[in-house]
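J.: Sequence first, predicted coordinates after that:
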Amino acid sequence: GESMCMNGHAVSCSHTFSRTPAYPRFEIHARKVFYKKTPEDKAALGNFNVSEIRSVTPNDDLPGQFEFAIELPARTYFIRAETSEDRDQWVTTLRRMAQLS
């Protein structure tokens with residue numbers, strides 16, 4: 001399975017959101033996306049399967065923030081990567097794994 005780690009953070013996980021860090025680390029392991037409170041945490045706070053993903057969309061409305069949205073049936077995660085290259089890699093990888101492209 002494909003594995004990725006991102007030192008970005010979710011800035012929210014709903015449709016109404018404030019842009020404060022919620023989950024500092026997202027990881028992909030074997031078709032599941034896990035999120036953790038801190039990068040050092042061994043245990044994840046939660047996860048979702050890539051098959052649940054409805055869309056993965058870069059947000060270019062916030063220059064320099066490298067944000068993208070992962071839309072699930074019940075919620076949307078707004079995530080910031082550290083660089084535009086990281087964001088593009090995540091968008092491409094998640095779309096491919098979710099068979100959106």
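T.: Cool, the structure landed.
J.: Low-confidence stretches in the chain?
T.: 1-24, 39, 101 (pLDDT under 70).
J.: Nearest residue to the middle of it?
T.: Taking CA atoms, centre = their mean, the centroid of the chain lies closest to Ile79, which sits 5.0 Å from it.
J.: Helix, strand, or coil at that one?
T.: strand (DSSP: H, G, I helix; E, B strand; the rest coil).
J.: wait, isn't it in contact with Phe68?
T.: Yes. Between Ile79 and Phe68 there is a contact at 5.8 Å, judged by CB atoms under 8 Å. For glycine as for every other residue, the C-beta is placed from the backbone atoms N, C-alpha and C.
J.: Common neighbours of those two, please.
T.: Trp90 (CB atoms under 8 Å, 6 or more residues apart in numbering).
J.: Phe48: neighbouring residues, count only.
T.: Per other CB atoms under 10 Å, the neighbour tally for Phe48 reads 17.
J.: host element of the closest residue to it other than its chain neighbours?
T.: Nearest non-adjacent residue to Phe48, counting by CB to CB, 6 or more residues apart in numbering: Val33, 5.6 Å away. In this assignment (DSSP states H and E), Val33 forms part of strand 32-36.
J.: Can you list the strands that the following helix or strand past that strand pairs with?
T.: Where DSSP H and E defines the elements, the next helix or strand beyond strand 32-36 is strand 46-49. Strand 46-49 pairs in its sheet with strand 32-36 (antiparallel), by DSSP bridges.
J.: ok, back up a step: can you list contacts of the strand holding Val33?
T.: Here strand 32-36 makes contact (CB under 8 Å, 6+ apart) with 10, 23-28, 43-50, 70, 77, 94.
J.: cool, stretch 42-49 as well?
T.: The contact list for stretch 42-49, computed with CB under 8 Å, 6+ apart, reads Tyr23, Glu27, Arg31, Lys32, Val33, Phe34, Tyr35, Lys36, Lys37, Leu72.
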